[in-house]
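Q: kindly return the folded structure for what I paste below:
(one chain, ligands or ions: 2)
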Amino acid sequence: MADAGRDCELIDLVETDPHTLPDRIDVALLGLHGLGGEDGKIQGLLETVGIPYTGSGVLASAVGMHKPTFKRLATSEGLDTPRWLVLNPALSPAAMALAVHLTLGWPVFFKPSSGGGSLDAAVVHSQVKMIELLQAAREHPYEQYMVEEYVTGRPCTVGLLEIDGKLTTLPVLDVQTHGEFYDYTAKHDPAQRTEHCPSILPEDITRRLRQDALRAHRMIGAHGLSRVDFMVTSSGRTAMLESNTLPGLSQRGNLAAMAAAAGIAYPDLIQHVLAMAFTKPWYVP
Ligand SMILES: Nc1ncnc2c1ncn2[C@@H]1O[C@H](COP(=O)(O)OP(=O)(O)O)[C@@H](O)[C@H]1O
Ligand SMILES: [Mg+2]
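A: Ligands and ions are numbered 1, 2, ... in the order given. Take a look at the predicted model:
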């Protein structure tokens, strides 16, 4: 921000009385992740105190955060998303694992319904392991978990960015991970993954990924930027996993890499992100 010639201040919301914000800032550039930051709560607070902010509004943020709701919408849109089951804590781990066995079979992919960064995610190969995970999940009663059909393939992601008022898709980024999946450590250690941006996948696949990412962004009513994650199989299936309404904005992050592949330098990316705070429509629930 400072590089872009703006007067900026880093604000830690944990230590800040939100009612003092309107006196301190003209626009909030959100660099937040996960629950509380990406799920509509901060967005609602900023709407309430009347501060323009970057990215999506309350509803799209909440829908993007909750994977089962996002997937239900994607299915009704005719988008391909892996089959899934939300785990019901009212059932015993043995009964739930049996339900997974009967509906999805093994392996399945286990993850929090409102998680991120691949935290708490795992590939589950058997009913026994599923029971163990479900028992461990009972230690986190406020967390909801889900399982998905395991899709063997390559993780891919598509960034969307509003440029001069027009939403555009950025070049696809694909990842080859050295571990079982694109886990937390691979996301943070470049030595454990190989990335291509633009993607080395065939053009008909990357075109479909970009089209589907755009449909998902519009489907949830996202605003200004987002990043849609997929698994792409060797037979050309493009299975949509989720939409991230506040993708990481760091200079070394995915969105910056995708913007660079589109010829957009980092300070310009930040300028586009700032501009979108002023093109957001009035909030409609
Ligand atoms: N259904 C699945 N099949 C295979 N791998 C998956 C599946 N879902 C997630 N993954 C793996 O986990 C990573 C993170 O999953 P994602 O749904 O994007 O959640 P997060 O919010 O943690 O990023 C993906 O990039 C992929 O490597
Ligand atoms: Mg993801």
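
Q: can you tell me which residues in the stretch 151-285 of the chain are near ligand 1?
A: Within the stretch 151-285 of the chain, the residues that sit near ligand 1 (CB under 6 Å from any ligand atom) are Val151, Pro155, Phe181, Tyr182, Asp229, Met231, Leu241, Glu242. Heads up, the C-betas are built off the backbone N, CA and C, glycines and all.

Q: give me the buried subset of the residues you listed.
A: Listed as buried from those are Val151, Pro155, Tyr182, Asp229, Met231, Leu241, Glu242; burial here means 16 or more other CB atoms under 10 Å.

Q: where's the fifth one, which helix or strand?
A: Secondary-structure assignment from DSSP states H and E places Met231 in strand 225-232.

Q: next SSE downstream of the longest strand anywhere in the chain?
A: For the chain, the longest strand by residue count, based on DSSP state E, is strand 154-163. Moving toward the C-terminus from strand 154-163, the first helix or strand encountered (DSSP H and E) is strand 166-169.

Q: who touches stretch 124-140?
A: Residues outside stretch 124-140 that contact it (CB atoms under 8 Å, 6 or more residues apart in numbering) are 87, 89, 93-94, 96-98, 100-101, 106-110, 122, 143, 145, 147.

Q: ok now that stretch, how far from the chain's centre?
A: Averaging C-alpha coordinates over stretch 124-140 and over its chain gives two centres that are 24 Å apart (CA atoms, centre = their mean, to the nearest Å).

Q: the residue lying closest to Ile200 once chain neighbours are set aside pairs with what?
A: Nearest non-adjacent residue to Ile200, counting by CB to CB, 6 or more residues apart in numbering: Asp174, 6.7 Å away. With beta bridges defined as DSSP bridges, Asp174 has these partners: Cys156, His196.

Q: quick one: the helices in the protein?
A: Per DSSP state H, the chain has helices spanning 21-24, 41-49, 58-65, 67-76, 93-103, 127-137, 184-188, 203-219, 254-261, 266-276. These are given in chain order.

Q: just the buried positions in the last one, please.
A: So that's helix 266-276. For helix 266-276, using 16+ other CB under 10 Å, the buried residues are Tyr266, Leu269, Ile270, Gln271, His272, Val273, Leu274, Ala275, Met276.

Q: turn the residues you listed into a markdown table, including pLDDT.
A: Shown next, in a markdown table, are those (pLDDT from 0 to 100):
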| residue | pLDDT |
| --- | --- |
| Tyr266 | 97 |
| Leu269 | 97 |
| Ile270 | 96 |
| Gln271 | 97 |
| His272 | 98 |
| Val273 | 97 |
| Leu274 | 97 |
| Ala275 | 97 |
| Met276 | 97 |
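
Q: and which of these is nearest Val58?
A: Distance to Val58 across the buried residues of helix 266-276 (CB to CB) is lowest for Met276, with 15.8 Å.

Q: within the sheet, what are the partner strands of the strand holding Met231, with directions?
A: Counting by DSSP bridges, the strands paired with strand 225-232 are strand 154-163 (antiparallel), strand 238-244 (antiparallel).

Q: can you check what angle separates that strand from helix 266-276?
A: In terms of direction (axes from the mean of the first three to the mean of the last three CA atoms, to 10 degrees), strand 225-232 departs from helix 266-276 by 110 degrees.

Q: list the contacts of strand 225-232.
A: Counting by CB under 8 Å, 6+ apart, 54-56, 64, 82, 151-162, 174, 201, 205, 209, 212-213, 216-217, 237-247, 254-255, 273, 276 sit against strand 225-232.

Q: just the buried residues of those.
A: Under a neighbour-count criterion of 16+ other CB under 10 Å, the subset of those counted as buried comprises 54-56, 64, 82, 151, 153-162, 174, 201, 205, 209, 212-213, 216-217, 238-247, 254-255, 273, 276.

Q: just the helices of the chain: most buried one?
A: When you average the neighbours per residue for each of the helices of the chain (mean count of other CB atoms under 10 Å), helix 58-65 leads with a mean of 23.

Q: now check it, is it near ligand 1?
A: No: applying CB under 6 Å from any ligand atom, one finds helix 58-65 separated from ligand 1 by no less than 9.1 Å.

Q: by how many degrees do that helix and strand 225-232 diverge?
A: Computed by the same axes, to 10 degrees, the angle between helix 58-65 and strand 225-232 is 20 degrees.
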